[in-house]
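Novice: Fold the stuff below for me.
(2 chains, ligands or ions: 2)
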Amino acid sequence: MNLDSDGVSILDVPAIEAHNLTKVYRDNIRAVDGISFSVKQGEIFGLLGPNGAGKTTTIKMIITLTKATSGTLHAFGIDVFKSPETARGMLGYVPQSISVDTDLTAYENLLIFSKLSYVSKKERNTRINDALEYMDLSSRANDLVKRYSGGMMRRLEIAQALVNRPKILLLDEPSIGLDPSSKKQVWENIKQLNHEFGVTILITTHDMSEADELCDRIAIMSEGKIAVLGTPVDLKRNVGGDIVTVNLFSTSPAISLPKEIGHIIHNNEKSIQILTTNGEEAIPLIADFFRSHEIRIESISINKANLDDVFMKYAKRRLGDEMYKATRNMRRDFVRHAR
Amino acid sequence: MNIKKFLISSITIAEMEARKLRHDPTELWTRIIQPALWLLVFGETFNTIKAMPTGNFSYIQFITPGILAQSVLFISIFYGITVVWEKDVGILTKLLSTPSPRSSIVLGKSLAASLRGIFQAMMIFALALLLGVKIRLDLLDIVGVFAVVVLFAMCFSSFSMFLASYMKTRDRMMGIGQALTMPLFFASNAIYPISVMPVWLQYVSIVNPLSYVVDAIRSMLLTGSYGNLLIDILALLFSTIVFVTLASTTIKKLLE
Ligand SMILES: Nc1ncnc2c1ncn2[C@@H]1O[C@H](COP(=O)(O)OP(=O)(O)O)[C@@H](O)[C@H]1O
Ligand SMILES: [Mg+2]
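Specialist: Ligands and ions are numbered 1, 2, ... in the order given. A predicted model of the protein is given here:
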């Protein structure tokens, strides 16, 4: 037993502890290359990285669907490789691609799954109905899953993982291919599960906004390795700050900004870009500053530092080209030069 | 491994398939078309020309057990494809993320195959009665026929899953299934007595498991002479146990 900072006694065993985990596929493909990390009980931990980074392979090793080439893995202190069936009993798994059986009803999918998880007959019905209720599927429980929308199937996947009452939920890209509103709903469900029931969650994603929204801590993966690990706030702090762009009505005179507001990193006649540590707090100060110098502002916009910048910095690559924005490049140039 | 849990998992996997068939039984009904054609067209035609030395029995009587065995063979030999397909779409992977032992897949699927076999047998019985084919309707014999059908379906579906563990793709399994079924069928006593075969084929038919199955069913449905029955059934039981065990240990290769 250990004492945490609040003086509450807790069992100090990590939910997941991976040490030098490695997976080499045929033809010497090092999908996962000696990664070590530990997921604390009750947190939402994210593996963020582009396609091919090794996220799915990592999850598959944890759920014992694929054998690790080397390394060790413990879940709540249990050696996952030595006692795979016990480990699977504590884990819920939502794979990357839809894999519920579309020729069965939602209820039947959960029924089969609860039987395979040896949920006692007495408890089966309650658990199934709870899971359906929880994922908002009760009204369609007896419909064949092939008539479901993508978002509903995703929620059913999660419901299925819940009948096992897992201590750890493994979610492999849970919002991939969902429209924005279904995505929001799935996010809400994930947060609720974590908050209400204290389920530890390991989630993989290539979507930085998803990682930012959900995760307590993030490991950024690139080419089978963990490039950097930390809380989203810390990671973003490491790459500088937010950029505030001020557009003026007329060409600006030469100005110098007080240091506590920020640095001007680009002055393009009618548009000035300012690097700040916190964009929202800087905007009123910037507005006051320009007003006091009698310079009229047309508009102000803000470009928050994001995990793509973090990814770029540590993995020397971009997460996705569509996220490419010229202003971010500028910030990075500035941050690099400023060092 | 815990035997009780193993059995629960296997039965659940069979239950899953039974539920799917209940939602959409089309497949069950379409599978009856082929044996119906064999009996109606082939059986009736050869019945009238009396070209086969089928002893005391009419030709259509003679082939009814053969067609039953053949149709169960067709169901079972392609079971590996189902398993490969379920793996490809992730259903199987999902099942294997539960605490259930992986090996329970094989017994579960082979039970599901025998379920289809039972339905097929009932349909062929019905068809035979409809066509006025005289078969012995003794209760024990009928139970015996169903037992043979169940074992046979389990045996060959496991054999198919055993092959699938190494073949891993649907295309290859389809090829193998087709390469196996016709030779097994024609080199057996299903649609003609062994005595009319060329000598080399007679040797093949002696090692052909289908011949033993047909022989067992025929003795119960037609002749009522049980001379070889015990050996037939023991051989079948033995091969079933061997293949279920073998495939249960190899199936994890498919899932990797
Ligand atoms: N079954 C497999 N056989 C061979 N290579 C694989 C297999 N699965 C994944 N890989 C390779 O391993 C690497 C990591 O893949 P994956 O774990 O799926 O990444 P991610 O989930 O981050 O997109 C990729 O290069 C991929 O091509
Ligand atoms: Mg993936």
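
Novice: Which residue would be the closest one in chain B to ligand 1?
Specialist: Of the residues in chain B, the one nearest ligand 1 is B:Glu256, at a distance of 7.9 Å by C-beta to the nearest ligand atom. C-beta coordinates here come from the backbone N, C-alpha and C atoms, glycine included.

Novice: Excluding sequence neighbours, find me the nearest residue to that residue.
Specialist: Leaving out its chain neighbours, the residue that sits closest to B:Glu256 by C-beta to C-beta, 6 or more residues apart in numbering or on different chains is A:Thr66, at 6.4 Å.

Novice: And A:Glu213, by the same measure?
Specialist: In space, A:Glu213 comes closest to A:Trp187 once its chain neighbours are excluded; the distance is 6.1 Å by C-beta to C-beta, 6+ apart.

Novice: Show me what the helix or strand that neighbour falls within is packed against.
Specialist: When elements are assigned from DSSP states H and E, A:Trp187 belongs to helix A:180-197. If contacts are counted by 3 or more C-beta pairs under 8 Å, 6 or more residues apart in numbering or on different chains; DSSP states H and E, helix A:180-197 sits against strand A:44-48, helix A:150-162, strand A:200-205, helix A:208-214.

Novice: So for that helix, mean pLDDT?
Specialist: Averaged over helix A:180-197, pLDDT sits at 93.

Novice: Equivalent analysis for stretch A:38-51, please.
Specialist: The predicted model gives stretch A:38-51 an average pLDDT of 95.

Novice: same question, stretch A:229-237
Specialist: Summarised as a single mean, pLDDT over stretch A:229-237 is 87.

Novice: who's in contact with the closest residue to chain B within the stretch 1-150 of chain A?
Specialist: For the stretch 1-150 of chain A, the residue closest to chain B is A:Ser99, as judged by C-beta to the nearest C-beta, at 3.0 Å. Neighbouring residues of A:Ser99 by C-beta atoms under 8 Å, 6 or more residues apart in numbering or on different chains: A:Glu157, B:Val89, B:Gly90, B:Ile91, B:Thr93, B:Lys94.

Novice: Tell me the secondary structure at it.
Specialist: Assigned with DSSP: H, G, I helix; E, B strand; the rest coil, A:Ser99 falls in the coil class.

Novice: With adjacent residues omitted, what lies nearest to it?
Specialist: The spatial neighbour of A:Ser99 that comes closest, neighbours along the chain excluded (C-beta to C-beta, 6+ apart), is B:Gly90 at 3.0 Å.

Novice: I figured the one you found hits A:Asp101, correct?
Specialist: No. In this structure, B:Gly90 sits apart from A:Asp101 without contact. The criterion is C-beta atoms under 8 Å, and the distance is 9.7 Å.

Novice: related to what we said a few turns ago, name only those of the contacts of A:Ser99 that count as buried.
Specialist: Restricting the contacts of A:Ser99 to buried positions leaves A:Glu157, B:Gly90, B:Ile91, B:Thr93, B:Lys94, with burial counted as 16 or more other C-beta atoms under 10 Å in any protein chain shown.

Novice: Contact partners for the first one?
Specialist: Spelled out, it's A:Glu157. A:Glu157 touches A:Val94, A:Pro95, A:Ile98, A:Ser99, A:Val100, A:Pro174, counting by C-beta under 8 Å, 6+ apart.

Novice: pretty sure the fifth one is touching A:Gln160, no?
Specialist: Yes. A:Val100 is in contact with A:Gln160 according to C-beta under 8 Å; the separation is 6.4 Å.

Novice: With neighbour numbers in mind, choose between these two.
Specialist: Neighbours were counted for A:Val100 and for A:Gln160 using other C-beta atoms under 10 Å in any protein chain shown; A:Gln160 has more, 28 against 25.

Novice: In TSV, list the contacts of A:Glu157 along with distance to A:Leu235 and pLDDT.
Specialist: Putting those into TSV (distance: C-beta to C-beta, whole Å; pLDDT from 0 to 100) gives the following:
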residue	distance to A:Leu235	pLDDT
A:Val94	25	95
A:Pro95	27	93
A:Ile98	31	87
A:Ser99	32	90
A:Val100	34	93
A:Pro174	21	92
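
Novice: got TSV for those, with distance to A:Pro232 too?
Specialist: Formatted as TSV, these follow (distance: C-beta to C-beta, whole Å):
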residue	distance to A:Pro232
A:Val94	22
A:Pro95	25
A:Ile98	28
A:Ser99	30
A:Val100	31
A:Pro174	18
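
Novice: Which of the three states applies to the residue of the stretch 101-250 of chain B found nearest chain A?
Specialist: Among the residues of the stretch 101-250 of chain B, B:Pro101 lies closest to chain A, at 6.6 Å counting by C-beta to the nearest C-beta. On the three-state scheme (three-state DSSP), B:Pro101 is labelled coil.

Novice: Please work out how many residues are found near it.
Specialist: A count of nearby residues for B:Pro101, using other C-beta under 10 Å, gives 17.

Novice: Surely it touches B:Phe6?
Specialist: Yes. The criterion here is C-beta under 8 Å, and B:Pro101 meets it with B:Phe6 at 5.8 Å.

Novice: thinking again about what came up before, tell me who's in contact with the residue nearest to A:Glu213.
Specialist: For A:Trp187, the contacting residues are A:Ser175, A:Glu210, A:Glu213, A:Leu214, by C-beta under 8 Å, 6+ apart.

Novice: same deal with B:Ala51?
Specialist: In this structure, B:Ala51 makes contact with B:Tyr59, judged by C-beta under 8 Å, 6+ apart.

Novice: now it, what's its secondary structure?
Specialist: coil.

Novice: and the gap between it and B:Leu236?
Specialist: Separation of B:Ala51 from B:Leu236 (C-beta to C-beta, to the nearest Å): 31 Å.

Novice: who touches A:Ile218 in this structure?
Specialist: Shown here is A:Ile218, whose contacts under the criterion C-beta under 8 Å, 6+ apart are A:Phe45, A:Gly46, A:Leu47, A:Leu48, A:Ala211, A:Leu229, A:Gly230, A:Thr231, A:Pro232, A:Leu235, A:Leu307.

Novice: Chain neighbours aside, what residue packs nearest to the last one?
Specialist: So that's A:Leu307. Leaving out its chain neighbours, the residue that sits closest to A:Leu307 by C-beta to C-beta, 6+ apart is A:Met208, at 3.7 Å.

Novice: what's the burial count for that neighbour?
Specialist: One way to gauge burial is a neighbour count; for A:Met208, by other C-beta under 10 Å, it gives 22.

Novice: now swap in A:Asp242 and tell me
Specialist: Using other C-beta under 10 Å, A:Asp242 has 22 neighbouring residues.

Novice: any weak-confidence spans in the chain?
Specialist: Going with chain A. Scanning chain A for pLDDT under 70 picks out A:1-11, A:315-339.

Novice: that's the other chain; I wanted chain B
Specialist: Residue ranges of chain B with pLDDT under 70: B:1.

Novice: Residue of chain B closest to chain A, please.
Specialist: In chain B, the residue found nearest to chain A is B:Gly90; the distance is 3.0 Å by C-beta to the nearest C-beta.

Novice: Need the phi and psi values for that residue.
Specialist: Here is the backbone geometry of B:Gly90 (degrees, to the nearest 10): phi 90, psi -10.

Novice: try B:Pro35
Specialist: Recorded main-chain torsions at B:Pro35 are phi -60, psi -30, according to degrees, to the nearest 10.

Novice: Right, I'll leave it there.
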